[in-house]
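Q: Compute the structure for the input listed below.
(one chain, ligands or ions: 2)
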Amino acid sequence: MRKEQILQWLQTFTDEIERHKDYLTELDAAIGDADHGINMDRGFKKVMSQLPTVADKDIGSILKTVSMTLISSVGGASGPLYGTFFLRASTAVGLKQELTAEDMRGMLQAGLDGVLVRGKAQIGDKTMVDVLSPAVAAFDLAITEGKQIQEAMQQAVASAQEGMKNTIPMLAKKGRASYLGERSVGHQDPGATSCYLMLKSLLASLC
Ligand code: ADP
Ligand code: MG
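A: Numbering: from 1, shown residues only. Ligands and ions are numbered 1, 2, ... in the order given. The predicted model follows:
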């Protein structure tokens, strides 16, 4: 994955969030405080305004700028969690200008680990982790089986989509939705949904 494709990923994700801004906010209205789409849209628009200053640097610097911008401009749970994802991803890839399958495996795993450490959610808690975790596992398995990056990412996105749907019957155990207890059941998690869009955008940038 070349640096240009990383920049394309971030642009595509920003566009996807803008397109799904109201949808993400509606999902958050059902089990949270109706700001997830607004939070993500504000954060990634800010990211896009910052990226030209680092576009000629290495991938690690680009991802670090994404992280810092999100942490400083997005409140709520999702800002620090996405910020941590990109911070750990940035550290994992360092000064590289291009990522191998192994590098991408390390980047995604590091991002997930950061979210797990920061948010302390487990699979089944109805959060971003319910998408990230199966997606990273699917990517990992596909690369171990010798698949190419694009095919591995296709499998990751399929697992992400399944993980997103699986949040519907879950009872929220973390974040604002957990305050609702049983009333959180029957709704798709907004953060899981934006994570699915993030991975779908990553796949699109590889094609
Ligand atoms: P807030 O809940 O502060 O309003 P957002 O609405 O932007 O923040 O984001 C809500 C999303 O954050 C949830 O749908 C969930 O996926 C995610 N989330 C909340 N807490 C955690 C956590 N501890 N670990 C992982 N993800 C979390
Ligand atoms: Mg919210």
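Q: Distance check, the residue lying farthest from the centre of the chain against ligand 1.
A: Ranked by distance from the centre of the chain (CA atoms, centre = their mean), the top residue is residue 182, with 26.2 Å. According to CB to the nearest ligand atom, to the nearest Å, residue 182 and ligand 1 sit 17 Å apart. For every residue, glycine as well, the C-beta is placed using N, CA and C.
Q: mind checking how far that residue is from ligand 2?
A: According to CB to the ion, to the nearest Å, residue 182 and ligand 2 sit 19 Å apart.
Q: Residue 171 is in contact with that residue, correct?
A: Yes. Here residue 182 lies in contact with residue 171, judged by CB atoms under 8 Å, at a distance of 6.5 Å.
Q: At the contact with ligand 2, which residues of the chain appear?
A: By CB under 5 Å from the ion, the residues of the chain that approach ligand 2 are 28, 32, 33, 35, 36.
Q: Test my guess that the last one contacts residue 24.
A: Yes. Assessed by CB under 8 Å, residue 36 is found in contact with residue 24 at 4.7 Å.
Q: where do the contact lists of those two overlap?
A: Taking CB atoms under 8 Å, 6 or more residues apart in numbering as the contact rule, residue 36 and residue 24 both touch 190, 194.
Q: any residues touching stretch 197-204, and which ones?
A: With CB under 8 Å, 6+ apart, stretch 197-204 has contacts from 9, 12-13, 16-17, 20, 131, 135, 150, 153-154, 156-157, 160.
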